[in-house]
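[1] Coordinates only, no sequence provided:
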């Protein structure tokens, strides 16, 4: 139980964490901060926060924990703004989808990596954005990855971990570069592939027919293309090297597939499809599916 | 209401059509045929068919309609086997995912395109295979595309259309080459992309971490990789030219994305993602989502 939790950026993730913390009684007071606090006033009525504030300095001073839930490209400016007013006892954490870039931003903004800073990334979300879509149970049974830096204090790690466990998450730790590699593969690459496909389909003269005859498989496959373009611009740029590496590897795999198709090599195709199906059935099908 | 409906191949589609026809009382008798009828006996107990038969000649003779629901690479052998015993009053149709290849197979097997032959493709399915997964409502509110050839009799088209409407489908017509282009885009290409991605992930040393940290988006995105490899081998080969064309275009699009990422061109990325999101939100989000 803490006294004051400050969440900067009330998007889907920040809003859901605020709501979950309030509903579960994890703190006396949740303050939501944003560049334009008037846009956040609705979050009070929805029971997401107790107060909204444009005076971050006042909100942050004396907070037990500050969660930066801004898009990853805005994190550095947030760190800069709070650097001089956040107390050394206040835990600083974030929810960004890329961790190398967030740590580099902290290094620049604070001039060092504070002991009370613990980078984090909840592996949860939907294709919707904004606190209006906040769900108190968004993190239940989802993983949260902490990527502490070498100087992160154990007590700070434990407090961030305790917050996420208290909202229902399973907390794991890894180094930030492993995080960025894994997330590039499981999230960033798939988003790039689906955005690219949807754009290619939309640009066709017969796109109306394409979408008219899309079945459930296509709808599921493309769901992530409904995600927020600004957020994904930021993520792609923040993890560009990993994403480029994977896209380049993937292009090579597609090139091999094209060759084998042109050769009519049915055995290759069947082996490829079987290996893919085995991997998905083994690792990604829930027991009750 | 017809007397005898014969379905050759009791997979998910053939089995579901049989079950729907029986439950809705669309015929007096449904006979399921397969190469190995002993494997189909279970379908009688599940209420999917009235009889199973390995004596296709007897089953087909006097049938009102024969639905060939075999994988697309097996359709030609089925046509050859029934060519001499099917009556000229018997409607012949199929459910194949590729239509140019099925029409070519009919031309070769029958020596001409029979007037009573109406190619069809229900745009429905799941990632599961086999009559054990048959669902009587599989086709409800799904589209069925008929691709009649120039000589298909109007009465035959109407009877095939009536069957699909009676199981809840919306029936549309288009020529077979348009069908094959549209389906390459909405179904065949996405399957190739996801099979390729799953294989690439499975081959990584850190694949366990990849799959452990895959969130719901990845699970949805890769659902179609659990589809039947043999069926997809056949579809890919049967529509190879369209699939190769699209894969080649897609590779070029990915190449452009890689260049723009390497340039750090955020405006390009945001425009791409926005266009993709707009297309999906406009065309693929159901009103109640």
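    The structure has been received and is ready for your questions. It should be emphasised that the depicted structure is a prediction, and the values quoted were computed from it without experimental measurement.
[2] going forward, measure contacts between C-alpha atoms and count neighbours the same way
    Will do.
[3] Mind telling me what element the residue nearest the centre of chain A is part of?
    The centre of chain A sits closest to residue A:97, judged by CA atoms, centre = their mean, with a distance of 3.7 Å. For residue A:97, there is no helix or strand it lies in under DSSP states H and E.
[4] can you count the residues close to the closest residue to chain B within chain A?
    Relative to chain B, the nearest point of chain A is residue A:221 (4.1 Å; CA to the nearest CA). Residues lying near residue A:221 (other CA atoms under 10 Å in any protein chain shown) number 22.
[5] Check what pLDDT the closest residue to it other than its chain neighbours gets.
    Nearest residue to residue A:221 in three dimensions, chain neighbours excluded: residue B:221, at 4.1 Å (CA to CA, 6 or more residues apart in numbering or on different chains). Note for residue B:221: predicted pLDDT of 88.
[6] ok, now which ones touch the residue of chain A closest to chain B?
    By CA atoms under 8 Å, 6 or more residues apart in numbering or on different chains, residue A:221 lies in contact with A:194, B:190, B:220-224.
[7] For these, give me CSV that also has distance to residue A:55.
    Output for the contacts of residue A:221, formatted as CSV (distance: CA to CA, whole Å):
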residue, distance to residue A:55
A:194, 40
B:190, 48
B:220, 41
B:221, 41
B:222, 44
B:223, 46
B:224, 49
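[8] of those residues, closest to residue A:266?
    Residue A:266 has its nearest neighbour among these in residue B:190, at 18.3 Å by CA to CA.
[9] Verify the contact between that closest one and residue A:219 for me.
    No: counting by CA atoms under 8 Å, residue B:190 sits too far from residue A:219 to count as a contact (10.7 Å).
[10] neighbour-wise, which of the two wins?
    residue B:190 (26 against 20).
[11] and that one, which of the three is it?
    At residue B:190, secondary structure determined by DSSP: H, G, I helix; E, B strand; the rest coil is helix.
[12] if I look at it, how far off is residue A:190?
    In this view, residue B:190 and residue A:190 are 12 Å apart by CA to CA, to the nearest Å.
[13] the longest helix in chain A is where?
    Ordering each helix of chain A by length in residues (DSSP state H) puts helix A:240-262 first.
[14] can you give me the angle that helix makes with helix B:240-263?
    160 degrees (axes from the mean of the first three to the mean of the last three CA atoms, to 10 degrees).
[15] So which other helices or strands are in contact with the helix or strand encompassing residue A:15?
    Using DSSP H and E, residue A:15 sits within helix A:12-23. Counting contacts by 3 or more CA pairs under 8 Å, 6 or more residues apart in numbering or on different chains; DSSP states H and E, helix A:12-23 packs against strand A:2-8, strand A:27-33.
[16] what are the pairing partners of the first one, and which direction each?
    The reference is to strand A:2-8. Sheet pairing of strand A:2-8 (DSSP bridges) gives strand A:27-33 (parallel), strand A:65-68 (parallel).
[17] Now do the next helix or strand after the shortest one, average pLDDT.
    It stands for strand A:65-68. Per DSSP H and E, strand A:65-68 leads on to helix A:75-82 as the next helix or strand towards the C-terminus. Averaging pLDDT along helix A:75-82 gives 97.
[18] thinking again about what came up before, buried residues in the longest helix of chain A, which are they?
    A:240-244, A:246-248, A:250-251, A:253-255, A:257-258, A:260-261 (16 or more other CA atoms under 10 Å in any protein chain shown).
[19] Could you point out which residue ranges in the stretch 151-289 of chain A have low pLDDT?
    A:286-289 (pLDDT under 70).
[20] all helices for it, in order.
    A:154-166, A:176-183, A:189-202, A:207-212, A:216-221, A:229-238, A:240-262, A:266-283 (DSSP state H, counting those that start in this stretch).
[21] and residue A:154, how many residues sit next to it?
    12.
[22] Ok, residue A:205 next?
    Count around residue A:205 with other CA under 10 Å applied: 9.
[23] quick one on the thing from earlier: ranking the strands paired with strand A:2-8 by burial, who's on top?
    Among those, strand A:65-68 has the highest mean neighbour count (mean count of other CA atoms under 10 Å in any protein chain shown), at a mean of 25.
[24] can you list contacts of that one?
    A:4-9, A:14, A:60, A:75, A:78, A:90-95.
[25] Over that strand, what's the mean pLDDT, rounded is fine.
    Strand A:65-68 comes out at a mean pLDDT of 98.
[26] residues in contact with the closest residue to residue A:134 other than its chain neighbours?
    Distances taken as CA to CA, 6+ apart place residue A:16 nearest to residue A:134, at 4.4 Å, with adjacent residues excluded. Neighbouring residues of residue A:16 by CA under 8 Å, 6+ apart: A:48, A:131, A:134-138.
[27] before we move on, what about residue A:9?
    Residue A:9 neighbours (CA under 8 Å, 6+ apart): A:15, A:32-34, A:68-70.
[28] quick one: contacts for residue A:138?
    A:16, A:124-125.
[29] scratch that, residue A:22
    A:29-30, A:47-49.
[30] Which residue ranges make up the domains of chain A?
    For chain A, automatic domain parsing gives the domain ranges A:2-174, A:178-283.
[31] Tell me which of the ones you listed lies nearest to residue B:147.
    domain A:178-283 (14.1 Å).
[32] Now do the end-to-end distance for that closest one.
    Start-to-end, domain A:178-283 (CA to CA) is 20 Å.
[33] Now find how far off-centre it is within its chain.
    The chain centroid and the centroid of domain A:178-283 are separated by 19 Å under CA atoms, centre = their mean, to the nearest Å.
[34] quick one on the thing from earlier: by neighbour count, sort out the buried ones in the contacts of strand A:65-68.
    A:4-9, A:14, A:60, A:75, A:78, A:90-95.
[35] And for residue A:147, the neighbour number?
    Neighbour tally, residue A:147, other CA under 10 Å: 23.
[36] That one is in contact with residue A:171, isn't it?
    No: between residue A:147 and residue A:171 no contact is recorded; they are 10.6 Å apart, counting by CA under 8 Å.
[37] In a markdown table: the helices and strands packed on helix A:12-23, plus mean pLDDT and distance to residue B:276.
    Converted to a markdown table, the helices and strands packed on helix A:12-23 look like this (pLDDT from 0 to 100; distance: least, CA to CA, whole Å):
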| stretch | mean pLDDT | distance to residue B:276 |
| --- | --- | --- |
| strand A:2-8 | 97 | 29 |
| strand A:27-33 | 97 | 31 |
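[38] Spell out which parts of the stretch 51-200 of chain A neighbour chain B.
    Within the stretch 51-200 of chain A, the residues that sit near chain B (CA under 8 Å from any CA of the partner chain) are A:123-124, A:126, A:143, A:182-183, A:185-187, A:190, A:193, A:195-200.
[39] returning to that earlier point: from the contacts of residue A:22, pick the one nearest residue A:281.
    Closest to residue A:281, out of all of these and judged by CA to CA, is residue A:48, at 38.2 Å.
[40] Quick check: chain neighbours aside, which residue is closest to the closest one?
    residue A:19 (4.3 Å).
[41] so how far is residue A:72 from the one you found?
    21 Å.
[42] So which of the domains of chain A is nearest residue B:105?
    domain A:178-283 (17.3 Å).
[43] And the pLDDT at the residue nearest to residue A:48?
    98.
[44] out of the contacts of residue A:221, who's nearest residue A:235?
    Checking the contacts of residue A:221 one by one against residue A:235 (CA to CA), the nearest turns out to be residue A:194, at 15.1 Å.
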